[in-house]
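Engineer: Predicted model, plus sequence, below.
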Amino acid sequence: MTTWKPDQEAYLRELSKLCETLSTRFRQEYDHYRRLEARFQLPAIVISSGLGVSAFGNNQFAPDTQRNLNIAMGIIGLGLGILNSVQSYLKIAATASGCLLTSANLLKLKESIDLELSLEASDRANSGIVFLREAAGDYEKYLDASPPVLKRLRFTKPLLGGVIIEKSDLGESPSADI
């Protein structure tokens, strides 16, 4: 026989709401980082293509002009390398994929909680405390593995709906206005 207390169900309902909210926030962060990645990738593609085309047409100019073009192409190539290094240092692609994964995991956890709570207490496979511990453990695991796009996130006084989400480290991030 499984036993469920009303406060366990209330806690799980609050955790489900929090998972939904955070899933949405991490999805917004994913969208933000994908746009940011495009801002780095598209200019790099256009510039490198332009450098490739200009390298083929370089032979038709006078030697002095060729030397100046080679210097200009070298400087542009250096700038392109710096742009790619900055993108790599910021780990934009890794952060975007981490946000997407966290969003999906939190949504799955929400669905799991909602499914369990939709069943009659007598039809549930686990007792309330076992399911609650599993859900809380999964929640913590997903947040620990998530990219640090939100400065601080705490789930306090769940029975009163106390959720504190502080601003993101990013100025223009969707979560910056939470």
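Structural biologist: Received the coordinates, thanks.
Engineer: Work out the gap between the longest helix along the chain and the centre of the chain.
Structural biologist: Secondary structure assigned by DSSP state H gives helix 6-56 as the longest helix of the chain. The chain centroid and the centroid of helix 6-56 are separated by 5 Å, computed with CA atoms, centre = their mean, to the nearest Å.
Engineer: Residue ranges in the protein under the pLDDT threshold?
Structural biologist: 1, 151-178 (pLDDT under 70).
Engineer: again, only using 80
Structural biologist: Within the chain, the stretches with pLDDT under 80 are 1-2, 54-59, 150-178.
Engineer: mind listing what residue 66 touches?
Structural biologist: Neighbouring residues of residue 66 by CB atoms under 8 Å, 6 or more residues apart in numbering: 58, 59. Placement of C-beta: from N, CA and C, glycine included.
Engineer: before we move on, what SS does it have?
Structural biologist: helix (DSSP: H, G, I helix; E, B strand; the rest coil).
Engineer: let's have the chain start at 12 instead
Structural biologist: Will do, 12 is the new start, and the previous item becomes residue 77.
Engineer: For residue 65, see how far away it is.
Structural biologist: Separation of residue 77 from residue 65 (CB to CB, to the nearest Å) stands at 11 Å.
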